[in-house]
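Participant: Only the shape, not the letters, is given here:
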């Protein structure tokens, strides 16, 4: 496989960074818009957004609770997209395998680990939000661990391991540079 020229790498990083910055803004707006327009959202979008959770009523209380339940996940995704954009900005400037890159990978690992916790919490909050308007005894609280959560934990630990390996390589390179 032919390696990419430096100009092509910078151009690719430029456009990917723009894409992540766009998603950093677009995703929160869309999630909040879906909750705001819950009664009018097509079922196909609703199923992909809420998964298996059933919407019994779409009162303003349900929508407000749904928006509130979405906030931890939205914040995490904003942080993830920002960190990825920051990493791509470093690469765009030709800064590969430096201390700031390593910190970015480490923070991404932490964010993915938090993603597993927030995923479990968010699904539980969604189940409460979607049944909050039901009469007492008909409300639900569902707590569960999904394969997405396990994948998030695996990705988090992998990114931490990658940051550690890059840190060790950086220290070896730094030591070799000091040796005459």
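Facilitator: Nice, I can see it. Being a predicted model, the structure only gives us computed values, none of them experimental. Residues are numbered from 1 along each chain as shown.

Participant: The residue most central in space within the chain sits in which helix or strand?
Facilitator: Among the residues of the chain, the one closest to the centroid is residue 77, at 3.5 Å (Cα atoms, centre = their mean). Here residue 77, judged by DSSP states H and E, is contained in helix 60-92.

Participant: Ok, residue 27 next?
Facilitator: helix 6-36.

Participant: Look up how far residue 132 lies from residue 142.
Facilitator: Using Cβ to Cβ, to the nearest Å, residue 142 is found at 13 Å from residue 132. (C-beta placed from N, C-alpha, C; glycine too.)

Participant: how about the lowest-mean-pLDDT helix or strand in the chain: buried residues?
Facilitator: Counting by mean pLDDT, DSSP states H and E, the weakest-scoring helix or strand in the chain turns out to be helix 43-50, with a mean of 73. For helix 43-50, a neighbour-count test (16 or more other Cβ atoms under 10 Å) marks 46, 49-50 as buried.

Participant: quick check: angle from that helix to helix 6-36?
Facilitator: Calculated by axes from the mean of the first three to the mean of the last three Cα atoms, to 10 degrees, helix 43-50 forms an angle of 110 degrees with helix 6-36.
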